[in-house]
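Student: coordinates only, no sequence provided:
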């Protein structure tokens, strides 16, 4: 089911971008990114998106309030109403994610997460971003976070790459050595 939803979301995202290709994609992406973050931070909304057809009016109110609160443009409002009509509101978070991915791909960008412990200073962030650029070979949009689980070190994650240099990784290697030796 999850795979089918991902495929459906991808199709809606592509259709959305095909219909609104002449509009400012950057604005749509920013709005879509805001929506993705909003749904991530407010998981209780997923319940309302999955309500059956008899709750159409409730879902319509949610769409209107969401659009007003996040200052969404007409293209996204239209998409949401289409999804409401077809009983597919639950796809909104995934469609927003796919819109961002498709726009990034079109513009030759890849998003990556750079996690570290302790926190990186600006020079270290610049160095890690350059490293990511070299590893990935595309335009990099880096997001930084802290991960005490690294113990001391840094990790770089994209959809297709996982790289880590940390005390945690070194300890895991040593632990495997002991288990393999048994």
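Tutor: Alright, I've got the coordinates. From a predicted model like this one, the values you see are computed outputs, not experimental measurements.
Student: follow the chain on from the helix or strand bottoming out on mean pLDDT in the chain and name the next helix or strand.
Tutor: The helix or strand of the chain with the lowest confidence, counting by mean pLDDT, DSSP states H and E, is helix 25-41 at a mean of 73. Downstream of helix 25-41, the next assigned helix or strand under DSSP states H and E is helix 45-49.
Student: what strand or helix carries residue 140?
Tutor: Assigned by DSSP H and E, residue 140 belongs to strand 139-146.
Student: and that strand, which residues are buried?
Tutor: 140, 142, 144 (16 or more other C-beta atoms under 10 Å). Bear in mind the C-beta positions are built from the backbone N, C-alpha and C, glycine included.
Student: taking the centroid of this protein, which residue is nearest it?
Tutor: By C-alpha atoms, centre = their mean, the chain has its centre lying nearest to residue 97, at 5.0 Å.
Student: secondary structure element holding that residue?
Tutor: Using DSSP H and E, residue 97 falls within helix 92-106.
Student: report the angle between that helix and strand 139-146.
Tutor: 130 degrees (axes from the mean of the first three to the mean of the last three C-alpha atoms, to 10 degrees).
Student: tell me the domain boundaries of the protein?
Tutor: Domain ranges of the chain: 2-105, 108-180, per automatic domain parsing.
Student: so residue 153 makes contact with residue 171?
Tutor: No. Here residue 153 lies out of contact with residue 171, judged by C-beta atoms under 8 Å, at a distance of 10.6 Å.
Student: those two: who's more crowded?
Tutor: The residue with more neighbours, out of residue 153 and residue 171, is residue 153; 18 against 11, by other C-beta atoms under 10 Å.
Student: please consider this matter closed, and thank you.
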